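[1] got a sequence here, can you model it:
(one chain, ligands or ions: 2)
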Amino acid sequence: MSLLEVSGISKSFSTGRDFLGRRSGWTHAVQDVSFTLDTGECLAVVGESGAGKSTVGRIVLRLIEPDSGHITFDGNDVRAAGSAQLRAMRRRMQMIFQDPHGSLDPRMSVFDAVAEPLIVHTDLDRTARADKVGQLLDKVGIGRRYLTRYPGELSGGQLQRVAIARSLTLEPKLIVCDEPVAALDVSVRSQVLNLLCDLQEELGLAYLFVCHDLALIEVIADRVLVMAGGKVVESGTVESIYRDPQQEYTRKLMAAIPVPIPRGARR
Ligand SMILES: Nc1ncnc2c1ncn2[C@@H]1O[C@H](COP(=O)(O)OP(=O)(O)OP(=O)(O)O)[C@@H](O)[C@H]1O
Ligand SMILES: [Mg+2]
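    Ligands and ions are numbered 1, 2, ... in the order given. Next up is the predicted model:
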């Protein structure tokens, strides 16, 4: 059994209403998408804007209810989970967003942002919490002198590191990364990507890695799911997709790669 098993999920959003206020149109954001993800594995979800990538990630975490389909995480039925079960499950699956400015509260210090999940979900005392926060910040390469700083005082790359530390507090098994480096300066993208790679190895994390840039995923992903118009149009190992893309759409995505980062250039 895989850590995450997604089968046949679909989701439509109503778009627009007619003059009587009735729903008049539907966007089929995700249509019959299935995949599995093993412990310690990284599955990249790639595709053009509007392909349905983020919606898939949000459905997995049950931030959005799908119209149909099944999801099991660690053997538990995600869609059938009651609130207590969902709360327990959410400790084990976390999300990192594209924009760290948006995902961190500007009024919370770095320390508080990372400590908050520990306060909410654990009964660690103050000293143990401070220890844990310090360790996590070391892990993501943020010096302890930043503990008392606020998001407004940090760079995008530093903020994303803090967001990553926060996502690790409850020792998740799965992290849904929604374009985690897209908003960062090109110069720090590969640093943050390498950090995610290292953490994955060290902690045995599984990533569902949403990304529109095929060049980035070669470094991090094991397998790829190519989405277009809400559907999976191609899937396979990174090597096979790179070597021999089957779909015209995938070839176009590949052609859009400006400068591929070769695997050996990780360090
Ligand atoms: N809450 C919503 N209400 C209405 N339509 C939505 C909503 N969320 C997503 N959509 C639509 O569903 C489709 C898929 O959106 P989604 O955000 O999953 O795409 P994406 O692949 O993540 O795109 P991007 O690369 O731009 O982030 C789009 O057509 C989008 O407009
Ligand atoms: Mg998106």
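[2] identify each buried residue in the helix or strand encompassing residue 26, please.
    Residue 26 is part of strand 23-37, with elements assigned from DSSP states H and E. Under the neighbour-count criterion of 16 or more other C-beta atoms under 10 Å, strand 23-37 has 27, 29-31, 33, 35, 37 buried. Every residue, glycine included, has its C-beta placed from N, CA and C.
[3] closest to ligand 1 among the residues you listed?
    Closest approach between the buried residues of strand 23-37 and ligand 1, by C-beta to the nearest ligand atom: residue 29, at 3.2 Å.
[4] tell me the contacts of the closest one?
    Contacts of residue 29 were listed using C-beta atoms under 8 Å, 6 or more residues apart in numbering, and they are 11-13, 52, 55, 230.
[5] swap in 6 Å and give it another go.
    Residue 29 makes contacts with 11, 13, 52, 55, 230, as judged by C-beta atoms under 6 Å, 6 or more residues apart in numbering.
[6] in contact with the residue nearest the centre of the chain: list those residues for me.
    In the chain, the centroid-proximal residue (C-alpha atoms, centre = their mean) is residue 177; its distance is 1.5 Å. Applying C-beta under 6 Å, 6+ apart, we find residue 177 in contact with 96, 207, 209.
[7] how about the residues of the stretch 101-250 of the chain by ligand 1?
    residue 212 (C-beta under 6 Å from any ligand atom).
[8] buried ones from the contacts of residue 29, can you make that a ChimeraX selection?
    Applying 16+ other C-beta under 10 Å to those, the buried members can be selected in ChimeraX as follows:
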select :11,52,55,230
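[9] out of the contacts of residue 29, which are inside helices?
    residue 55 (DSSP state H).
[10] can you put the contacts of residue 29 in CSV and add distance to residue 5?
    Shown next, in CSV, are the contacts of residue 29 (distance: C-beta to C-beta, whole Å):
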residue, distance to residue 5
11, 17
13, 24
52, 19
55, 18
230, 20
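[11] by pLDDT, give me the weakest of the contacts of residue 29.
    pLDDT across the contacts of residue 29 is lowest for residue 13, at 93.
[12] quick one: that one and ligand 1, what's the gap?
    3 Å (C-beta to the nearest ligand atom, to the nearest Å).
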